[in-house]
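Peer 1: what's the 3D shape of this:
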Amino acid sequence: MDLKSNHSSPILTDPMPITKPRLRIHDSLLPYSSSGFISQGPFLTIPWKKPGLLDDVLSTSWFDAMKSSSPRNIIKYNGYDFSSDDVDVAYNNWMLKYPSALTSIEQIVSSAKGKKIALFLDYDGTLSPIVDNPDDAFMSNAMRAAVRNVAKYIPTAIISGRSREKVLRFVGLKELYYAGSHGMDIMGPVQPLADRTTEVKDESLYQPASEFLPMINEQVFVSLVEITKHIEGAKVENNKFCVSVHYRNVDEKSWTTVAQYVQDTLKRYPRLRLTHGRMVLEIRPMLKWDKGKAVEFLLESLDLSSSEDVLPIYVGDDRTDEDAFKFLREGGHGYGILVTPAPKESNAYYSLRDPSEVMEFINSLAIHKKSVSRFDLYI
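Peer 2: Next up is the predicted model:
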């Protein structure tokens, strides 16, 4: 794979066009054609300017954005504030626009009639609960069993902001597709070597931002660890193609300090950009590549984008998952399912409240596909 020719400019654009197969992906990863409308809403955004403008970091909008990503604060929806006592009422009203994927399961599987389903899953907050220490975000054995079971009938991928190696360790299932670092590190299922020894090999690794590895791992990560080490509760996580600075356990009075340190670091690297997730600031390559692009890559890498016999479903809980929701909705490809206990605007079609409902939904899909497979044996 020749990636060097795409990196002559100091600011990267799209990598080489996706026109040739790069992964031996299950042939049911095909796009779905349908119509739909775009739900435009005030989903959390961060005002970003070129590195070096600290006024951005210290502005009220930055601070408000950091606060709004915290589940401990007042919930904002459609311009209104909801206290915890009002959340259930607001959530029930919100579900009129984003109905539960559980109560809509018959509608979803009906849409998949005569088609194959491709399942894409976020990790944190979707397969595992959100925890104070990101290193403790373990999925339950029941969830692992559910994912393993659905992967028998449906090609399944995990698309996470975590490094691919880390999310693979958390999930522990070799039969899945993995896209780590927000889709910048993609691999297919691990297969045994030809001589059928116990050794295994990674399947067709794809890394559109590979040239950034030394900069991110040897410079940015090391620098952020050093300058934030005195801030109690701050945690810097190396996610291979991006560096995540968690402030979930930092006193709110120190949040602007965290943001300033991140911006101070960023301004030294004009080819990197800053994004915001749930209680985390992330530095990543200035590359037009995100979770939506990862889904697109998996759907187009075998030049099967014109096919209409698959229904992609993406389940996620974070702002970064909106890129995948938007891709599915704008292209009429399939359905996004937002995991959230509180109302917020999204490009998703459906909703689930928490990982326990995600597991129930996954099990329902597996039951449906298993029954369809059995029926196919008799026709």
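
Peer 1: for residue 329, see how far away residue 370 is.
Peer 2: 28 Å (CB to CB, to the nearest Å). From N, CA and C alone the C-beta is placed, and that goes for glycine too.

Peer 1: who's more crowded, the two?
Peer 2: residue 329 (22 against 14; other CB atoms under 10 Å).

Peer 1: and the more buried one, that one's in a strand?
Peer 2: No - counting by DSSP: H, G, I helix; E, B strand; the rest coil, residue 329 is not part of a strand but helix.

Peer 1: nearest residue to it in space, please, no chain neighbours.
Peer 2: residue 347 (5.0 Å; CB to CB, 6 or more residues apart in numbering).

Peer 1: what's the burial count for that neighbour?
Peer 2: Counted with other CB under 10 Å, residue 347 comes out at 23.

Peer 1: try residue 317
Peer 2: Residue 317 has 23 neighbours, counted by other CB under 10 Å.

Peer 1: now it. Its backbone dihedrals?
Peer 2: With angles defined as degrees, to the nearest 10, residue 317 sits at phi -120, psi -10.

Peer 1: separation between it and residue 352?
Peer 2: 9 Å.

Peer 1: pLDDT below threshold where in the protein?
Peer 2: 1-86, 191-205, 301-307, 372-379 (pLDDT under 70).

Peer 1: quick one: the helices in this structure?
Peer 2: In the chain, the helices defined using DSSP state H lie at 54-58, 60-68, 87-94, 105-111, 141-150, 164-171, 213-214, 221-228, 255-266, 291-300, 322-330, 355-376.

Peer 1: which one of those lies closest to residue 157?
Peer 2: Residue 157 sits nearest to helix 291-300 of all the helices of the chain, at 6.1 Å, using CB to CB.

Peer 1: tell me what the closest one is packed against?
Peer 2: strand 116-121, strand 156-159, strand 177-180, strand 185-192, strand 310-316, helix 322-330 (3 or more CB pairs under 8 Å, 6 or more residues apart in numbering; DSSP states H and E).

Peer 1: can you dump the C-alpha atoms of that helix in CSV for me?
Peer 2: Coordinates of each C-alpha in helix 291-300 appear next as CSV, following Å, rounded to 0.1, in the frame of the first residue of the first chain:
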residue,chain,number,x,y,z
LYS,A,291,-15.7,7.2,12.1
GLY,A,292,-18.0,8.0,9.2
LYS,A,293,-15.0,7.6,6.8
ALA,A,294,-14.2,4.3,8.6
VAL,A,295,-17.7,3.0,7.9
GLU,A,296,-17.5,4.2,4.3
PHE,A,297,-14.1,2.5,3.9
LEU,A,298,-15.5,-0.8,5.2
LEU,A,299,-18.5,-0.5,2.9
GLU,A,300,-16.6,0.6,-0.2
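
Peer 1: would you format the helices of the chain as a markdown table with distance to residue 272 included?
Peer 2: Formatted as a markdown table, these follow (distance: least, CB to CB, whole Å):
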| stretch | distance to residue 272 |
| --- | --- |
| helix 54-58 | 15 |
| helix 60-68 | 18 |
| helix 87-94 | 35 |
| helix 105-111 | 39 |
| helix 141-150 | 33 |
| helix 164-171 | 19 |
| helix 213-214 | 12 |
| helix 221-228 | 12 |
| helix 255-266 | 6 |
| helix 291-300 | 17 |
| helix 322-330 | 18 |
| helix 355-376 | 31 |
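
Peer 1: between these, which one is closest to residue 285.
Peer 2: Closest to residue 285 of the helices of the chain, according to CB to CB: helix 213-214, at 9.8 Å.

Peer 1: ok, and what's touching that closest one?
Peer 2: The contact list for helix 213-214 (CB atoms under 8 Å, 6 or more residues apart in numbering) reads 240, 241.

Peer 1: count of neighbours near the closest residue to residue 150 other than its chain neighbours?
Peer 2: Using CB to CB, 6+ apart and skipping residues adjacent in sequence, the residue nearest residue 150 is residue 366, 4.2 Å away. By the criterion of other CB under 10 Å, residue 366 has 20 neighbours.

Peer 1: ok, residue 366 - contacts?
Peer 2: 146, 149, 150, 152, 153, 154.

Peer 1: if I look at the nearest residue to the fourth one once chain neighbours are set aside, how far off is residue 154?
Peer 2: If I follow you right, that is residue 152. The shortest distance from residue 152 to any non-neighbouring residue, by CB to CB, 6+ apart, is to residue 366 (7.4 Å). Distance of residue 366 to residue 154, given as CB to CB: 7 Å.

Peer 1: again with residue 285
Peer 2: The spacing between residue 285 and residue 154, counted by CB to CB, is 31 Å.

Peer 1: now do residue 183
Peer 2: Residue 183 is 20 Å from residue 154, by CB to CB.

Peer 1: then residue 103?
Peer 2: Residue 103 sits 20 Å away from residue 154, going by CB to CB.

Peer 1: do residue 297 as well
Peer 2: From residue 297 to residue 154 the distance is 18 Å (CB to CB).

Peer 1: hang on, the earlier thing: which one's more surrounded, residue 103 and residue 154?
Peer 2: A count of neighbours by other CB under 10 Å puts residue 154 above the other of residue 103 and residue 154, at 21 against 10.
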